[in-house]
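Visitor: Here's my sequence, what's the structure:
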Amino acid sequence: MKDMKILLIYPYCLEDRLSDEDVKVPPIGLFYVGAMLREKGYDVEILNWYNINKSPKIIPQTLQEKMPDIIGFSVLHANRWGAIEIAQTAKRINLGVKIVFGGIGPTFLWEHFLTHFKEIDYCILGEGEYAFLDLVKCIEKADEKSLMNLKGIAFRQGDAIQRTERDEPIEPLDKLPNPAKYFTYQHVTATRGCPGKCTFCGSPQFWGQRVRFHSADYFVHQLELLYNKGVHFFYFSDDTFMIKKDRVIEICRKILEKGLPITWAAISRVDLVNEEILYWMRKAGCTQISYGVESGSEKIRNLLNKNIQREQIKKAFDLTTKYGILPRAYFIYGSPGENWSTIQDTLDLISEIKPLSAIFYILDLFPGTALYGDYQKRTGLSDDIWMSRIEDTMYFETDPTLSKGQILAFGEKLRTEFHRMLPGFVEAIKLIEKDDLAEQHADFLSRLALTFSHGDYARVEEIQNKQEIAEKLYRKSLSYGPNERAYLGLGMILQQKRDFRASLQILTEGIRHFPQNGQLHVCSGISHMNLGEFPKALACFSKLDPSEMIQNFIIECRRKMK
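Guide: Okay, the predicted model is just below:
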């Protein structure tokens, strides 16, 4: 191993979130960079510091303890201030530590970072695996004269800021070390790039217009390594996973051939969907596909350069639900020309396509996107706007025809109406009748039921009759075959209705099919207790590991039996 100590840090965002789901996951590129360094013998560690600002004393303590020679930061736009602040702390502890910013943020704001923040020594532009490795070798040899010979970096040379030419895209992708050999993570990618040219997205400029692929063997081997480390659910984070039908089917077949009992969610475009690809994705464990719909207004979709038609959107959502995969819709509001009429267009489209999940975003302007370039041309503003302690610039803030009040009202209307429509969408579900998908259908319906009985939808006031929806879905799930989640969920609902006899009946059936499921035994014991059948309850609890809760149940049963 080489003597240098390298830290790769995913820093915290500027603002708190209601839910940290969107910000707590380090980009997959950080693991690829780490794997490349490990493969070459470097001592490298990845720190996911997405919420380290909640315990700020840990930052200097950790940096002092580890005393890294190089710190690489994975910088988006929202977390750039977190990276800057950690870098400043690192320089106070050790002025000689080299600070490297990489990711989509510095790829487009390298000059801004190097001009205004002296603690940043280098920026990596674009793909980082080879550029960062070459830079590490240069730093290791203290060979600053060779920096201009490297590709894909920017740096300060005296008072001047230098930038080298971007490196060629890495091909084939399989020559990169497999990160799953060294690290554990859930978000994986089989491709790099997207054929789309959406004006709000930085992917076209970051990756280029061509899509590159890992082989099916490389990708599935990565899943297998991670599964063996205990990861059973994955996010396929490709911009457009379904872009090559035959390749997607090959991946699905290999997952099935290896007998990997995994589940996963993917992202795709509506114009790539057909029944064959959905069949294989569902068989191989896909439970959700997210589609960028963006708006019900064709005019706004065209302005965003989405290039999808209403019929394509409807077909994709219909087929996805039909194959027992939850279709999730991404919508953007607050676009140029947005008004109550275009918001109604979006609500009309939602009513037509019946998504079972929907996410609504306000349109942001980020460096590297076509909309950001237009914004700079319109206003004459430079990248110095990012000197402000802000995470983003929202489009409506640049448009005098839109106000913050309007935008908040748009978002409230979209979310409220979607939730009110949702019970009808559930009622309209029609699954394809295929015997070899019966198990998958049971799984799909019980997952959906869980969101209403105990998950996100259970907490939404606008959704009426949540328990009734969940009960109906659990029963429909069991009509396709035995399902642990359905037995447990239905048993708990019946307990809440104080129908303990019916609860016991369904839980007993569940235990017969799944005797190792401890939760079914616990719920069964609770139903026996409520019926005053304490010896039977004791028998249920005695089969389980003696946790504090189980011990309390056992003590209570014995007390009642005396």
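
Visitor: Strands along the stretch 151-300 of the chain, start to end?
Guide: 153-157, 160-163, 187-188, 191-192, 212-213, 233-236, 263-268, 286-294 (DSSP state E, counting those that start in this stretch).

Visitor: Which secondary structure elements does the last one sit against?
Guide: Translated: strand 286-294. Counting contacts by 3 or more Cβ pairs under 8 Å, 6 or more residues apart in numbering; DSSP states H and E, strand 286-294 is packed against strand 263-268, helix 310-322, strand 326-333, helix 438-453. (C-beta placed from N, C-alpha, C; glycine too.)

Visitor: that older thread, mean neighbour count, distance to residue 451 and mean pLDDT for the strands of the stretch 151-300 of the chain - can I get that in JSON lines?
Guide: Shown next, in JSON lines, are these (neighbours: other Cβ atoms under 10 Å; distance: least, Cβ to Cβ, whole Å; pLDDT from 0 to 100):
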{"stretch": "strand 153-157", "mean neighbour count": "19", "distance to residue 451": "46", "mean pLDDT": "94"}
{"stretch": "strand 160-163", "mean neighbour count": "13", "distance to residue 451": "48", "mean pLDDT": "94"}
{"stretch": "strand 187-188", "mean neighbour count": "17", "distance to residue 451": "21", "mean pLDDT": "96"}
{"stretch": "strand 191-192", "mean neighbour count": "22", "distance to residue 451": "29", "mean pLDDT": "94"}
{"stretch": "strand 212-213", "mean neighbour count": "16", "distance to residue 451": "33", "mean pLDDT": "94"}
{"stretch": "strand 233-236", "mean neighbour count": "18", "distance to residue 451": "15", "mean pLDDT": "96"}
{"stretch": "strand 263-268", "mean neighbour count": "20", "distance to residue 451": "14", "mean pLDDT": "96"}
{"stretch": "strand 286-294", "mean neighbour count": "23", "distance to residue 451": "11", "mean pLDDT": "97"}
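
Visitor: Dump these to TSV, plus distance to residue 31.
Guide: Below are these laid out as TSV (distance: least, Cβ to Cβ, whole Å):
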stretch	distance to residue 31
strand 153-157	21
strand 160-163	26
strand 187-188	9
strand 191-192	14
strand 212-213	17
strand 233-236	13
strand 263-268	17
strand 286-294	22
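
Visitor: just to revisit the earlier point, quick one: closest of the helices and strands packed on strand 286-294 to residue 22.
Guide: Each of those has some distance to residue 22 by Cβ to Cβ; the shortest is strand 326-333, at 12.0 Å.

Visitor: Give the partner strands of that closest one in its sheet and their orientations.
Guide: strand 286-294 (parallel), strand 357-362 (parallel) (DSSP bridges).

Visitor: Select, out of these, the one closest to residue 453.
Guide: Judged by Cβ to Cβ, the one of the strands paired with strand 326-333 that comes nearest to residue 453 is strand 357-362, at 16.0 Å.

Visitor: relative to helix 438-453, how tilted is that closest one?
Guide: If you take axes from the mean of the first three to the mean of the last three Cα atoms, to 10 degrees, strand 357-362 sits at 50 degrees to helix 438-453.

Visitor: Could you list the buried residues of strand 357-362?
Guide: Buried residues in strand 357-362, counted by 16 or more other Cβ atoms under 10 Å: 357, 358, 360, 362.

Visitor: could you measure the third one against residue 84, distance?
Guide: This points to residue 360. Separation of residue 360 from residue 84 (Cβ to Cβ, to the nearest Å): 30 Å.

Visitor: Repeat that for the second one.
Guide: Residue 358 sits 35 Å away from residue 84, going by Cβ to Cβ.

Visitor: rewinding a little: tell me which of the strands paired with strand 326-333 lies nearest to residue 416.
Guide: Proximity to residue 416 (Cβ to Cβ) singles out strand 357-362 among the strands paired with strand 326-333, at 10.8 Å.

Visitor: what sits up against that closest one?
Guide: 288, 290, 326-334, 350, 394-396, 407, 411, 414-415, 418 (Cβ atoms under 8 Å, 6 or more residues apart in numbering).

Visitor: With residue 205 as the reference, name the closest of the strands of the stretch 151-300 of the chain.
Guide: Nearest of the strands of the stretch 151-300 of the chain (Cβ to Cβ): strand 191-192, 13.5 Å.

Visitor: Identify the residues contacting that closest one?
Guide: Contacts of strand 191-192 (Cβ under 8 Å, 6+ apart): 127, 169, 173, 207, 211-214, 238-241, 243.

Visitor: Tally up the residues packed near residue 9, please.
Guide: By other Cβ atoms under 10 Å, 29 other residues sit near residue 9.

Visitor: For residue 136, which non-adjacent residue is spatially closest?
Guide: Nearest residue to residue 136 in three dimensions, chain neighbours excluded: residue 70, at 6.3 Å (Cβ to Cβ, 6 or more residues apart in numbering).

Visitor: With residue 370 instead?
Guide: Residue 370 sits nearest to residue 199 (Cβ to Cβ, 6+ apart), 4.0 Å away.

Visitor: Surely that neighbour and residue 368 touch.
Guide: No: with contact defined as Cβ atoms under 8 Å, residue 199 and residue 368 do not form a contacting pair (11.3 Å).

Visitor: Which residue ranges of the stretch 101-250 of the chain form helices?
Guide: 104-116, 129-140, 203-207, 216-228, 245-257 (DSSP state H, counting those that start in this stretch).

Visitor: Output the contacting helices and strands for the last one.
Guide: To tie it back to what came earlier, the one meant is helix 245-257. On a contact count with 3+ Cβ pairs under 8 Å, 6+ apart, helix 245-257 meets helix 216-228, helix 275-283.

Visitor: Just the mean pLDDT for the last one, thanks.
Guide: This points to helix 275-283. Averaged over helix 275-283, pLDDT sits at 98.

Visitor: Equivalent analysis for stretch 403-421, please.
Guide: 97.

Visitor: can you dump the C-alpha coordinates of it into PDB?
Guide: These are the backbone C-alpha positions of stretch 403-421, laid out as PDB (Å, rounded to 0.1, in the frame of the first residue of the first chain):
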ATOM      1  CA  SER A 403     -44.600  35.000  -7.800                       C
ATOM      2  CA  LYS A 404     -43.600  32.800  -4.800                       C
ATOM      3  CA  GLY A 405     -47.200  32.800  -3.600                       C
ATOM      4  CA  GLN A 406     -48.400  31.500  -7.000                       C
ATOM      5  CA  ILE A 407     -45.800  28.800  -7.000                       C
ATOM      6  CA  LEU A 408     -46.700  27.600  -3.500                       C
ATOM      7  CA  ALA A 409     -50.300  27.600  -4.500                       C
ATOM      8  CA  PHE A 410     -49.500  25.600  -7.700                       C
ATOM      9  CA  GLY A 411     -47.600  23.000  -5.600                       C
ATOM     10  CA  GLU A 412     -50.400  22.700  -3.000                       C
ATOM     11  CA  LYS A 413     -53.000  22.200  -5.700                       C
ATOM     12  CA  LEU A 414     -51.100  19.500  -7.500                       C
ATOM     13  CA  ARG A 415     -50.300  17.500  -4.400                       C
ATOM     14  CA  THR A 416     -53.700  17.800  -2.800                       C
ATOM     15  CA  GLU A 417     -55.600  16.900  -6.000                       C
ATOM     16  CA  PHE A 418     -53.200  13.900  -6.700                       C
ATOM     17  CA  HIS A 419     -53.900  12.500  -3.200                       C
ATOM     18  CA  ARG A 420     -57.600  13.000  -3.700                       C
ATOM     19  CA  MET A 421     -57.500  11.100  -7.000                       C
END
